[in-house]
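Peer 1: need a structure here:
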Amino acid sequence: MDNISFAIPVSGALYDGSLSLLNKCGLDVSRPNDRVYTANIPSLKGVDIMFQRQSDIPSRLDSKVADLGIVGLDSFYENKIDNGNTIAIIDDLGYGSSDMVLAVPEAWIDVQNLADLADLSFEMREKGRDLRIATKYPRLVTRFLNQNSIYYFDIVDASGGIEVAPYIGYADMICDITATGNTLRQNRLKIIQNGTVFSSQAALVANIETMHEKYSSIELAKSIIEKIEALLNSKKFIRLTVNLSLEELNLSDTDELKTTIGSNPVLHGLKGPSFSQVITSEPGAWISLELIIHKEQLLNCVTELRNMGGISITTSDVGMIFYKDSIGFSKLETAISIFGDQK
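Peer 2: All right, here's what the predicted structure looks like:
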């Protein structure tokens with residue numbers, strides 16, 4: 001069985017988020033120190049971790065150096081080969097959220113939205129030059145602007161703090177990643193209306209060609225995908241437990257309880273509640289009801305249980321939720337199958 005190579009960002013928020021995610025999935029990464037660029041997952045033999053710059057990870061997958069990777073979705077679509085063999089398996093891992101936005105100098109009071117920007121680019125073309133946009137994401141920016149009927153512009157390659165570009169004269173405006181917009185405002189830039197080019201977050205990606213070649217190792221990829229997906233599934237839900245008195249509910253036995261609880265849609269939970277008998281010195285028959293509910297329904301559920309006489313209502317986090325099938329792994333298997341048929 002071949003080992004599979006798993007590329008992870010070497011530093012920054014995506015590095016911290018990736019290690020935290022894998023740790024919560026029981027896939028702790030063993031890295032001696034931050035000067036070592038390879039590691040392993042002791043609990044999952046056969047997976048080789050390689051730490052890479054985030055911008056390099058798409059090319060590592062395209063060149064078949066890595067089989068799986070974690071990368072910002074913006075970087076993935078900017079740097080991957082068009083019509084190549086890499087795909088996003090899980091496109092939102094729950095961290096690294098940011099927006100790629102178009103920002104212009106605050107002094108441009110007549111430029112508030114994309115329509116204004118289109119007018120400006122046309123006026124500048126008539127005067128003999130094109131609008132200059134500094135960005136690290138030429139492909140995504142060009143595609144977005146063309147889709148919005150803006151064609152007269154030049155992309156200026158940029159690195160480092162590009163927010164200063166309009167004020168030192170090598171660009172008219174910028175397109176960059178932001179989480180809060182604070183840095184843009186501090187540099188006297190404003191985000192134009194409907195100017196979000198791309199909304200991004202950390203994603204799990206794979207090379208379907210190498211996974212096809214290493215199909216004997218597909219269970220390793222499945223272990224990673226299934227555990228990550230199960231952890232993400234669980235974040236939407238919470239476990240709730242309550243003690244109920246059958247007497248206060250005017251019920252004689254648990255069969256009647258099943259009917260009462262089962263007919264209440266608020267208390268249905270993920271797959272319906274479960275209950276057990278409570279051993280107590282208090283008079284009457286008591287049961288402990290447990291259900292897993294969507295977090296948005298928590299207060300509604302608590303109110304309903306209080307109205308039924310519920311006491312000692314407690315909550316706890318849900319570790320993982322595995323559904324009948326893994327959406328992410330099914331996506332990978334389907335892509336591998338299609339790739340195999342096309343060979």
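
Peer 1: what secondary structure does the residue nearest to residue 274 when sequence neighbours are not counted sit in?
Peer 2: Leaving aside its sequence neighbours, residue 274 sits nearest to residue 290 (CB to CB, 6 or more residues apart in numbering; 5.3 Å). Placement of C-beta: from N, CA and C, glycine included. Assigned by DSSP: H, G, I helix; E, B strand; the rest coil, the conformation of residue 290 is strand.

Peer 1: what does residue 222 give?
Peer 2: helix.

Peer 1: show me what contacts it?
Peer 2: Counting by CB atoms under 8 Å, 6 or more residues apart in numbering, residue 222 touches 326, 329.

Peer 1: neighbours around residue 323, how many?
Peer 2: Per other CB atoms under 10 Å, the neighbour tally for residue 323 reads 11.

Peer 1: and it, how far is that from residue 236?
Peer 2: In this view, residue 323 and residue 236 are 12 Å apart by CB to CB, to the nearest Å.

Peer 1: from start to finish, how long is stretch 249-267 in a straight line?
Peer 2: The first residue of stretch 249-267 is 15 Å away from its last residue (CA to CA, to the nearest Å).

Peer 1: same check on stretch 88-98?
Peer 2: 17 Å.

Peer 1: just how off-centre is it within its chain?
Peer 2: 2 Å (CA atoms, centre = their mean, to the nearest Å).

Peer 1: how about the contacts made by the residue nearest to residue 215 when sequence neighbours are not counted?
Peer 2: Nearest residue to residue 215, sequence neighbours excluded (CB to CB, 6+ apart): residue 336, at 7.0 Å. Counting by CB under 8 Å, 6+ apart, residue 336 makes contact with 208, 211-212, 215, 218.

Peer 1: what does residue 331 give?
Peer 2: Contacts of residue 331 by CB under 8 Å, 6+ apart are 87, 89.

Peer 1: now residue 88: which helix or strand?
Peer 2: Using DSSP states H and E, residue 88 sits in strand 86-90.

Peer 1: beyond that strand, next helix or strand please.
Peer 2: Using DSSP H and E, the first helix or strand after strand 86-90 is strand 98-105.

Peer 1: so what are the sheet partners of that following strand and their directions?
Peer 2: Sheet pairing here is set by DSSP bridges, and for strand 98-105 it gives strand 173-178 (antiparallel), strand 189-200 (antiparallel).

Peer 1: can you give me the offset of the strand holding residue 88 from its chain's centre?
Peer 2: The answer for strand 86-90 is 12 Å, by CA atoms, centre = their mean.

Peer 1: run through who's touching it.
Peer 2: Contacts for strand 86-90 (CB under 8 Å, 6+ apart): 58, 61-62, 68, 73, 76, 80, 203-208, 225, 228-229, 232, 328-329, 331-332, 335.

Peer 1: cool, stretch 279-292 as well?
Peer 2: By CB under 8 Å, 6+ apart, the surrounding residues in contact with stretch 279-292 are 237-247, 254, 257, 261, 267-278, 301, 305, 310, 318, 321.

Peer 1: now the strands for the stretch 101-250 of the chain?
Peer 2: Applying DSSP state E, counting those that start in this stretch to the stretch 101-250 of the chain gives strands spanning 131-135, 153-157, 173-178, 189-200, 202-207, 237-245.

Peer 1: could you dump those to JSON lines with mean neighbour count and distance to residue 19?
Peer 2: Listed next are these as JSON lines, based on neighbours: other CB atoms under 10 Å; distance: least, CB to CB, whole Å:
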{"stretch": "strand 131-135", "mean neighbour count": "23", "distance to residue 19": "29"}
{"stretch": "strand 153-157", "mean neighbour count": "16", "distance to residue 19": "32"}
{"stretch": "strand 173-178", "mean neighbour count": "22", "distance to residue 19": "21"}
{"stretch": "strand 189-200", "mean neighbour count": "19", "distance to residue 19": "19"}
{"stretch": "strand 202-207", "mean neighbour count": "25", "distance to residue 19": "12"}
{"stretch": "strand 237-245", "mean neighbour count": "20", "distance to residue 19": "24"}
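
Peer 1: looking at these, which is nearest to residue 30?
Peer 2: The closest of the strands of the stretch 101-250 of the chain to residue 30 is strand 202-207. By CB to CB, the value is 20.0 Å.

Peer 1: partners of that closest one in the sheet?
Peer 2: Listed by DSSP bridges, the sheet partners of strand 202-207 and their directions read strand 68-72 (antiparallel), strand 86-90 (antiparallel).

Peer 1: quick one: name whatever helix or strand follows the first one.
Peer 2: Looking back up the chat, that one is strand 68-72. Sequence-wise, the next helix or strand downstream of strand 68-72 (DSSP H and E) is helix 73-79.

Peer 1: who does that next one touch, helix- and strand-wise?
Peer 2: When contacts are defined as 3 or more CB pairs under 8 Å, 6 or more residues apart in numbering; DSSP states H and E, helix 73-79 sits against helix 57-62, strand 86-90, helix 138-147, strand 189-200, strand 202-207.

Peer 1: what would these look like in CSV with distance to residue 162?
Peer 2: Converted to CSV, the helices and strands packed on helix 73-79 look like this (distance: least, CB to CB, whole Å):
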stretch, distance to residue 162
helix 57-62, 21
strand 86-90, 26
helix 138-147, 12
strand 189-200, 10
strand 202-207, 22
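
Peer 1: just give the nearest non-adjacent residue to the most centrally placed residue in the chain, would you?
Peer 2: Nearest residue to the geometric centre of the chain (CA atoms, centre = their mean): residue 92, 1.8 Å. Closest residue to residue 92 apart from its sequence neighbours, by CB to CB, 6+ apart: residue 201 at 5.1 Å.
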